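J.: Sequence first, then the predicted structure:
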Amino acid sequence: MEFDELYEQYFQRIYQFIYYMVSDPNLAEDLTQETFIRVYKGHFRNEAAIGTYIRRIARNLVYDTYRKKALIKWLPFQKEHEKRETQYVPHDWIMQSEDRRLLYEAIQLLKPEYREVLIYRKIEELSLAETSEILGWSTVKIANTQRNAMKALEKVLGGDEFGFKQSTEETQ
Amino acid sequence: MSLDLNNRLKKLNKLPEDQAVKTRIYERIQYKRKKVLPLWKESILLLTIAMIALFFIMTPQNSSPSQTAGQSVQAIYKNFGGKEGKFFARSSSLYMSVKKVEDTIVYSFFEDVTQNVEKADGKLGNHITDVVVVRDRQEEHYQISDTGMLNVDSGQFFVGKSDTYDEVFQTLYSSEAMPWMIILPLIVIAVNLFSMNYYKRHNLQGPKPSKHVWWLLVHVLAMISSVFAWATWVGPLYKPLMITFAFLYGVIIWHYIKRDVRTNSIYKVEKIKISIISATLVLIIILY
């Protein structure tokens, strides 16, 4: 498949995944760009579906970003721009609906592993096998993580033990 | 509740496509595609490493000779296990298997060699040590053996005439190097056993060697052969250069692993493996 076709077919899914994982439109744009540059430069060997291959690249880039953020916190003598955290900017489309906003913000409070399993399994509705290939986890582990993620999400949406109601009121 | 949540989550899959972002990213990718420079980048990286290595080689090595009052011999270095007609010692312990001599008897011996040896015709024995004596910032090269001593610079042979000579020979002809090299195969076997066991336990299929890796193996083997050929026929290996090679080896392997391995768990294991092997290599080079 030509690069342009791949870009056309996968751009939105990759951008959406990255956006939901990092919650920063600028960072999401950069990481999406880097994902497709790597797809272009990389050597796809048909061992997995091309979609899985692209999603893995995007996921690795997201986790690289998390690691860098964690590392930078420990570095002394940082410059001002390096200290700055990524900006949480919800998409206009998310803000247009109260239900979407609540759900989106609740997902952002979950840990990354839960968040990505929910994105793949519940939002994008990928099969267990597809998710297993992307994450490199067994299907059992995915099923367990999914169950725990759903419980955590219900807890965040239903209770106030995470201070969720207060935090969402503040953002309003 | 859960069913409702499922339906609500599904709705988040309809994030509208932002055409402006899509076009902007596409244009930037097109721009980068036009000026693809990975080969240049790699060449520059290799050139930089070569320049750093060259800098180490060109740096003066007689940095701090331990001269004391009234002594003209500033430092003595030895290379255990020399060969007649070849001289492998250097005036720096930054070379592999070259050691700085600290024994005062050896220093006294070389202060005035004529007291302990006499000029005579002869031949070096089977047990030879190469010695570099730094005297008044000038290097003198000797080969000392059980039968006598050769001044490599002048070609003059000396025969030991005192017990001091035998004592000095025994001191110099003692290997201080531990067989560190043995560690490497042990470590390689250990990390491979560990990774095999890990893959088995987690039901993962280990990485298959790709075409690139076979080419890489050929290059690495060629590099190792060149290093051994240099050590056998030319001279001792320079430690900073060898450390650079070991580091470069680790980086190259890691680069290929990152490119070829598709599963994060396998990538992590392979990364740990190559880090351990490279670190062991560096340790061996430093200790040797």
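T.: Arrived safely.
J.: Per the annotation, how does chain A divide into domains?
T.: Structural domains assigned to chain A are A:1-89, A:91-172, following automatic domain parsing.
J.: Quick one, grab the pLDDT at residue 123.
T.: Since you didn't name a chain, this refers to chain A. As predicted, residue A:123 sits at a pLDDT of 94.
J.: actually chain B
T.: For residue B:123, the model assigns a pLDDT of 80.
J.: Next, count neighbours for it.
T.: 10 (other CB atoms under 10 Å in any protein chain shown). Where you see a C-beta, it was placed from the backbone N, CA and C, and this is true even at glycine.
J.: From residue B:146, how far out is it?
T.: Distance of residue B:123 to residue B:146, given as CB to CB, to the nearest Å: 11 Å.
J.: in chain A, what spans have low per-residue confidence?
T.: Along chain A, segments meeting pLDDT under 70 span A:1, A:43-48, A:70-89, A:159-172.
J.: in it, which spans are helices?
T.: With helices called from DSSP state H, chain A shows them at A:3-22, A:25-41, A:50-72, A:80-83, A:92-95, A:98-108, A:112-118, A:128-135, A:139-158, A:164-171.
J.: can you check the stretch 151-288 of chain B too?
T.: Assignment of helices within the stretch 151-288 of chain B using DSSP state H, counting those that start in this stretch yields the ranges B:163-172, B:183-201, B:211-229, B:239-260, B:264-287.
J.: Just the mean pLDDT for the second one, thanks.
T.: So that's helix B:183-201. pLDDT averaged over helix B:183-201 gives 88.
J.: same thing with the shortest one?
T.: For helix B:163-172, the mean pLDDT works out to 83.
J.: For it, list the C-alpha coordinates in PDB.
T.: Output of helix B:163-172 as PDB, limited to C-alpha atoms (Å, rounded to 0.1, in the frame of the first residue of the first chain):
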ATOM      1  CA  ASP B 163      71.300 -11.600  41.400                       C
ATOM      2  CA  THR B 164      69.500  -8.200  41.000                       C
ATOM      3  CA  TYR B 165      69.100  -9.000  37.300                       C
ATOM      4  CA  ASP B 166      67.300 -12.300  38.100                       C
ATOM      5  CA  GLU B 167      65.200 -10.500  40.600                       C
ATOM      6  CA  VAL B 168      64.200  -7.800  38.200                       C
ATOM      7  CA  PHE B 169      63.500 -10.300  35.500                       C
ATOM      8  CA  GLN B 170      61.300 -12.300  37.800                       C
ATOM      9  CA  THR B 171      59.400  -9.100  38.800                       C
ATOM     10  CA  LEU B 172      58.900  -8.000  35.200                       C
END
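J.: tally of neighbours for residue 140?
T.: In the absence of a named chain, chain A is used. By the criterion of other CB under 10 Å, residue A:140 has 10 neighbours.
J.: wrong chain, I was asking about chain B
T.: Residue B:140 - counted by other CB under 10 Å - has 19 other residues nearby.
J.: and if you look at residue A:41?
T.: Neighbour tally, residue A:41, other CB under 10 Å: 12.
J.: and the gap between it and chain B?
T.: According to CB to the nearest CB, to the nearest Å, residue A:41 and chain B sit 7 Å apart.
J.: phi, psi of the residue nearest to residue A:13 when sequence neighbours are not counted?
T.: Leaving aside its sequence neighbours, residue A:13 sits nearest to residue A:124 (CB to CB, 6 or more residues apart in numbering or on different chains; 6.8 Å). According to degrees, to the nearest 10, the main-chain angles of residue A:124 amount to phi -80, psi -10.
J.: my guess is residue A:124 contacts residue B:13, does it?
T.: Yes. Assessed by CB atoms under 8 Å, residue A:124 is found in contact with residue B:13 at 5.8 Å.
J.: Between these two, point out the one with more neighbours.
T.: Per other CB under 10 Å, whichever of residue A:124 and residue B:13 has more neighbours is residue A:124, with 19 against 15.
J.: Can you mark which positions in the strand or helix carrying residue B:5 are buried?
T.: Using DSSP states H and E, residue B:5 sits in helix B:2-11. Within helix B:2-11, the residues scored as buried using 16 or more other CB atoms under 10 Å in any protein chain shown are B:5, B:8, B:9.
J.: If we check chain A, which of the residues you listed are in contact?
T.: Within the set of those, contact with chain A (CB under 8 Å from any CB of the partner chain) is found for B:5, B:8, B:9.
J.: quick one: contacts for the residue in the stretch 151-288 of chain B positioned nearest to chain A?
T.: The minimum distance from the stretch 151-288 of chain B to chain A, using CB to the nearest CB, falls at residue B:263 (3.9 Å). Residue B:263 makes contact with A:136, B:204 under the criterion CB atoms under 8 Å, 6 or more residues apart in numbering or on different chains.
J.: mind checking how far it is from residue A:135?
T.: Residue B:263 is 9 Å from residue A:135, by CB to CB.
J.: again, but for residue B:171
T.: With CB to CB as the criterion, residue B:171 and residue A:135 are 63 Å apart.
J.: tally of neighbours for residue B:109?
T.: As a burial measure, residue B:109 scores 27 neighbours (other CB under 10 Å).
J.: Check residue B:32 too.
T.: 15.
J.: Assess the claim that it and residue A:37 are in contact.
T.: Yes. The criterion here is CB under 8 Å, and residue B:32 meets it with residue A:37 at 6.0 Å.
J.: Kindly present the helices of the stretch 151-288 of chain B as CSV, with separate columns for mean neighbour count.
T.: Shown next, in CSV, are those (neighbours: other CB atoms under 10 Å in any protein chain shown):
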stretch, mean neighbour count
helix B:163-172, 17
helix B:183-201, 13
helix B:211-229, 12
helix B:239-260, 18
helix B:264-287, 17
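J.: which residue packs closest to the residue nearest in space to the middle of chain A, ignoring adjacent ones?
T.: Most central in chain A under CA atoms, centre = their mean is residue A:21, positioned 2.3 Å from the mean C-alpha point. Spatial nearest neighbour of residue A:21, chain neighbours left out: residue A:62 (4.7 Å); criterion: CB to CB, 6+ apart.
J.: pLDDT wise, what is residue B:57 at?
T.: pLDDT, residue B:57: 64.
J.: Next: residue B:226.
T.: pLDDT for residue B:226: 85.
J.: same deal with residue B:241?
T.: At residue B:241, the model reports a pLDDT of 83.
J.: Just say helix, strand or coil for the residue found closest to it once you drop the neighbours it is linked to in the chain.
T.: Of all residues not flanking residue B:241 in the chain, residue B:53 sits nearest, at 4.8 Å (CB to CB, 6+ apart). For residue B:53, the secondary-structure state derived from DSSP: H, G, I helix; E, B strand; the rest coil is helix.
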